[in-house]
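Asks: quick one, fold the following:
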Amino acid sequence: VVGLVGYHLEWFLRGDPPPAAEEEKSISEQREDRKLQEIAGKDLTKVVSLKDKLEFAPRAVLNRNRPEKS
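Replies: Next comes the predicted model:
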């Protein structure tokens, strides 16, 4: 009985809940939207060459099994 009275009293004091305009997007949806906006502004024909990508890898990993030339 107390809960019922409290529920109605709270509803009366707060008034009607505001109408849900639009459901908020989840974090993953916000991230996808942000990535799509970033991609939309880029020229997708300009890519990094494979030679530049190989230089990014550490040399120790690439030369691990090769004997050193002296």
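
Asks: return stretch 39-52 as CSV; C-alpha atoms alone will do.
Replies: This file holds the C-alpha atoms of stretch 39-52, laid out as CSV (Å, rounded to 0.1, in the frame of the first residue of the first chain):
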residue,chain,number,x,y,z
ILE,A,39,35.8,8.3,-44.3
ALA,A,40,33.4,10.5,-46.3
GLY,A,41,35.9,13.3,-46.2
LYS,A,42,38.9,11.3,-47.4
ASP,A,43,40.1,10.4,-50.9
LEU,A,44,40.0,6.6,-50.9
THR,A,45,42.2,6.3,-53.9
LYS,A,46,45.3,7.4,-52.0
VAL,A,47,46.6,4.5,-50.1
VAL,A,48,49.9,3.7,-48.4
SER,A,49,52.2,1.5,-50.6
LEU,A,50,53.2,-1.9,-49.4
LYS,A,51,56.9,-0.9,-49.2
ASP,A,52,55.9,1.7,-46.6
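
Asks: now it: mean pLDDT?
Replies: Model confidence over stretch 39-52 averages 79 on the pLDDT scale.

Asks: just for this structure, where's the confidence low?
Replies: Low-confidence segments of the chain (pLDDT under 70): 17-23, 51-70.

Asks: which secondary structure state is assigned to Val47?
Replies: Assigned state for Val47: coil (three-state reduction, DSSP: H, G, I helix; E, B strand; the rest coil).

Asks: that one and Leu4, how far apart?
Replies: Taking CB to CB, to the nearest Å as the measure, Val47 falls 65 Å from Leu4. For the C-beta atoms, the positions are set from N, CA and C on the backbone; glycine is no exception.

Asks: what's the neighbour count on Glu29?
Replies: Close neighbours of Glu29, defined as other CB atoms under 10 Å, add up to 10.

Asks: kindly report the same for Tyr7.
Replies: Each residue near Tyr7 was counted by other CB under 10 Å, and the total is 10.

Asks: and Leu44, backbone torsions?
Replies: Dihedral pair for Leu44: phi -80, psi -10, per degrees, to the nearest 10.

Asks: now do Lys25
Replies: Comment: the main-chain dihedrals of Lys25 come out as phi -80, psi 150, following degrees, to the nearest 10.
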